[in-house]
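Colleague: coordinates only, sequence not included:
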Ligand SMILES: NC(=O)c1ccc[n+]([C@@H]2O[C@H](COP(=O)([O-])OP(=O)(O)OC[C@H]3O[C@@H](n4cnc5c(N)ncnc54)[C@H](O)[C@@H]3O)[C@@H](O)[C@H]2O)c1
Ligand SMILES: [Zn+2]
């Protein structure tokens, strides 16, 4: 036997700036050198002209910027993946070239997959333009698209070359998108950082009404927690536990059941509330802790309930099919993360579906408590 063992380490900067395409801003230019292709989320309002930026910094754009529709649609329709891949090949990008993806989490996920496929991996610079993108999805190593209604059924683990978080992008977000981004902050705070949860609780109303300093702190803390988690944990998810997917087994199902009318962050908000309701029933958090989470999530403007959660299919609660989808996506046995108190967590493979239904009904009866 020859036992092969490879150790590959990855390193990438996550930078924070404002007005990344202002020619006076050197952040992007100092991160890269060489040819680049720009992929743009069509809904992002650009304050500065990227073409002028690249010209000012003598960076060659290998092709005109490629505009793609923002939102889940870009992950649901494989023709967009194909278009991105084709643009990269036609522009003759090589492994030393750069794909600069500007957009929400969905565009970054799809563009990241395309960049990872071409020549087995181009250099990807992510410029996330949503709260979720800057604090969570954009700073991680996962890329992917959906297939047959299954979220991220097709994807790769591929760390980016760099991530640049430009706060100014967030200013053009519609309120609904701004607020939905708060859900992942609650998610990571509830399982990892009590102090951050207290911040979210006390600042919920201000964050909802677009307090800039609060949001800048939130994005940075969220990014730090996600990066630290991946650094110390299992970034390529070879094991079974996926703590950062707390609340996501039902969230992913709910998004798909709504035909993606419910935003990812909105689904995550009710997903974590459902699992917190279950955790309270099991005694892993107290009723008062559950109420404080429920209150804070509501005060931040996130949804507390969707009637779709009780939709039945062939007699059973369709939402609960999310558990099996989740297990399948991970492989092996089921492994779900729950809070144990606020700020810490544990994993379990045993879900009592009767108690989960009770948790669901209790969540519904509390839905009007804002
Ligand atoms: N890769 C990961 O680790 C990871 C983690 C969590 C979530 N995700 C994925 O991220 C996606 C959700 O991302 P999202 O919450 O950023 O939403 P999104 O990408 O769906 O964007 C939401 C909407 O806002 C628009 N938009 C984006 N930036 C804007 C801006 N600055 N101004 C105005 N409009 C803007 C988009 O075009 C879209 O219409 C989901 O597909 C989810 O599965 C990935
Ligand atoms: Zn998420």
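Modeller: Arrived safely. Worth saying up front: this structure is predicted, and the values here are computed from it rather than measured. Ligands and ions are numbered 1, 2, ... in the order given.
Colleague: any weak-confidence spans in this protein?
Modeller: Counting by pLDDT under 70, the chain has low-confidence residues at 240, 367-370.
Colleague: what residues does it put near ligand 1?
Modeller: Counting by Cβ under 6 Å from any ligand atom, the chain comes close to ligand 1 at 41, 43-45, 70-72, 75, 103-107, 109, 129-130, 132-133, 136-137, 140, 142, 151, 169, 172-173, 177, 264-265. All C-beta atoms are positioned from the backbone trio N, CA, C, and that covers glycine.
Colleague: try 5 Å this time
Modeller: Contact residues, the chain versus ligand 1 (Cβ under 5 Å from any ligand atom): 41, 43-44, 70-71, 104-106, 109, 129-130, 132-133, 137, 140, 142, 169, 172-173, 177, 264.
Colleague: ends of stretch 117-133, how far apart?
Modeller: Across stretch 117-133, the terminal residues are separated by 21 Å (Cα to Cα, to the nearest Å).
Colleague: that older thread, which of the residues of the chain next to ligand 1 fall within helices?
Modeller: Those of the residues of the chain next to ligand 1 mapping onto helices are 105, 106, 109, 132, 133, 177, 264, per DSSP state H.
Colleague: ok, those residues vs ligand 1, which is closest?
Modeller: residue 105 (2.4 Å; Cβ to the nearest ligand atom).
Colleague: now the buried members of the residues of the chain next to ligand 1.
Modeller: Buried members of the residues of the chain next to ligand 1, counted by 16 or more other Cβ atoms under 10 Å: 41, 43-44, 70-71, 104-106, 109, 129-130, 132-133, 137, 140, 142, 169, 173, 177, 264.
Colleague: circling back to that earlier point, biggest separation within the ones in helices among the residues of the chain next to ligand 1, which pair?
Modeller: 109 and 177 (15.8 Å; Cβ to Cβ).
Colleague: would you map the helices across the stretch 201-350 of the chain?
Modeller: Assigned helices in the stretch 201-350 of the chain, in chain order: 212-232, 248-257, 264-282, 287-299, 321-330 (criterion: DSSP state H, counting those that start in this stretch).
Colleague: residues contacting the residue of the stretch 51-200 of the chain found nearest ligand 1?
Modeller: Nearest residue of the stretch 51-200 of the chain to ligand 1 (Cβ to the nearest ligand atom) works out as residue 70 at 1.7 Å. Counting by Cβ atoms under 8 Å, 6 or more residues apart in numbering, residue 70 touches 41, 42, 43, 44, 103, 104, 106, 107.
Colleague: do residue 251 as well
Modeller: 264, 267, 268, 270, 271, 272, 322.
Colleague: and the closest residue to it other than its chain neighbours, how far from ligand 1?
Modeller: Counting by Cβ to Cβ, 6 or more residues apart in numbering, residue 251 lies nearest to residue 271, which is 3.4 Å off, once chain neighbours are set aside. Remark: distance between residue 271 and ligand 1 (Cβ to the nearest ligand atom, to the nearest Å) = 12 Å.
Colleague: quick one, domains of this structure?
Modeller: 14-172, 175-365 (automatic domain parsing).
Colleague: the longest one: end-to-end distance?
Modeller: With Cα to Cα as the measure, the ends of domain 175-365 fall 27 Å from one another.
Colleague: same check, this time on the first one
Modeller: Taking Cα to Cα as the measure, domain 14-172 stretches 22 Å from start to finish.
Colleague: count of neighbours near the closest residue in space to residue 287 that isn't next to it in sequence?
Modeller: Among residues not flanking residue 287 along the chain, residue 280 sits closest, at 5.6 Å (Cβ to Cβ, 6+ apart). Counted with other Cβ atoms under 10 Å, residues neighbouring residue 280 total 21.
Colleague: so what's residue 280 up against?
Modeller: 286, 287, 289, 290, 359.
Colleague: and residue 36, by the same measure?
Modeller: Counted by Cβ under 8 Å, 6+ apart, residue 36 has contacts 54, 59, 60, 61, 62, 97, 98, 99, 100.
Colleague: let's see it at 6 Å
Modeller: 59, 98, 100 (Cβ atoms under 6 Å, 6 or more residues apart in numbering).
Colleague: who wins on neighbours among those?
Modeller: With neighbours defined as other Cβ under 10 Å, the most crowded of these is residue 100; it has 28 neighbours.
Colleague: helix, strand or coil for that one?
Modeller: At residue 100, secondary structure determined by DSSP: H, G, I helix; E, B strand; the rest coil is strand.
Colleague: mind listing what it touches?
Modeller: 36, 38, 125.
Colleague: still on that earlier bit, counting neighbours, which of the contacts of residue 251 comes out on top?
Modeller: Result: residue 268 is most packed of the contacts of residue 251 (other Cβ under 10 Å), 30 neighbours.
Colleague: got the end-to-end distance for stretch 205-216?
Modeller: Counting by Cα to Cα, you get 15 Å between the two ends of stretch 205-216.
Colleague: what residues does that stretch touch?
Modeller: Outside stretch 205-216, the residues that touch it by Cβ under 6 Å, 6+ apart are 167, 203, 299, 300, 301.
Colleague: okay if I get those as a markdown table plus neighbour count?
Modeller: Listed next are the contacts of stretch 205-216 as a markdown table, based on neighbours: other Cβ atoms under 10 Å:
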| residue | neighbour count |
| --- | --- |
| 167 | 17 |
| 203 | 20 |
| 299 | 18 |
| 300 | 21 |
| 301 | 19 |
